[in-house]
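K.L.:
Return a 3D structure for these sequence lines:
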Amino acid sequence: MTAHVNRRVPSLIARAGTASALTLAVVGGSVLVPGAASEADAATQAAKALNVAASKRGAPYKRGAAGPYRFDCSGLTLYSYKRVGKSLPRSAQAQYNKTRHIRASQLQRGDLVFFHRGRSVYHVGIYAGGNKIWHSPKQGAVVRLERIWSKSVWYGRVR
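P.N.:
All right, here's what the predicted structure looks like:
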């Protein structure tokens with residue numbers, strides 16, 4: 001398969017032309033186009049942020065806390081993404097406002113799940129797959145993996 005792809009790459013490059021705005025690159029037998037690498041990099045960062053959140057399993061909830069040992073909901077998402085080099089605002093509403101809003105059909109592991117009443121966001125977690133999120137739910141609880149319990153949710157992807 002790789003040999004077949006490699007034979008076609010020179011003709012693709014020739015057709016694109018040296019002065020073309022579209023630059024093709026061959027990496028490990030794959031043809032990449034501009035912008036594709038950044039999407040892959042964002043997905044990798046999201047997966048790493050998800051792993052950070054999961055590593056905090058059992059950490060107690062504390063209102064206003066953003067780690068490393070205690071968290072509220074938006075504190076956990078802020079901390080998890082900060083550890084992978086991404087900046088998020090402090091509150092769940094502000095995080096929703098900063099993310100790229102996506103549909104449920106686009107949801108990937110590491111995206112943020114926002115719970116809302118009307119137009120106001122009141123809670124956030126990190127999507128783990130299988131209709132579950134990692135989150136820090138409330139006073140007296142700990143960071144845990146839990147099923148999404150509401151249909152009043154919006155989704156966001158950290159840029």
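
K.L.:
so where is this protein shaky, pLDDT-wise?
P.N.:
Under the criterion pLDDT under 70, the flagged ranges of the chain are 1-38.

K.L.:
Can you point out the buried residues in the longest helix along the chain?
P.N.:
Scanning the chain for the helix with the most residues, using DSSP state H, yields helix 36-55. Neighbour-count burial for helix 36-55, counted by 16 or more other C-beta atoms under 10 Å, picks out A42, Q45, A46, K48, A49, L50, N51, V52, A53. Where C-beta positions appear, they are placed from N, C-alpha and C, glycine not excepted.

K.L.:
Mind listing residues that contact the next helix or strand after that helix?
P.N.:
Next helix or strand after helix 36-55 toward the C-terminus (DSSP states H and E): helix 73-82. Residues outside helix 73-82 that contact it (C-beta atoms under 8 Å, 6 or more residues apart in numbering): 45, 49-50, 52-53, 56, 64-68, 71, 87-92, 94-95, 112, 123-126, 134-137, 143, 158.

K.L.:
Show the subsequent helix or strand relative to helix 73-82.
P.N.:
helix 92-98.

K.L.:
and that next one, how far out from the chain's middle?
P.N.:
Centroid separation for helix 92-98 versus its chain: 14 Å, with C-alpha atoms, centre = their mean, to the nearest Å.

K.L.:
What of stretch 52-66?
P.N.:
Going by C-alpha atoms, centre = their mean, where stretch 52-66 is centred and where its chain is centred differ by 18 Å.

K.L.:
ChimeraX command to pick out the buried ones of the contacts of helix 73-82?
P.N.:
The following ChimeraX line selects those of the contacts of helix 73-82 that are buried, judged by 16+ other C-beta under 10 Å:
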select :45,49,50,52,53,56,65,66,67,71,88,91,92,95,112,123,124,125,126,134,135,136,137,143,158
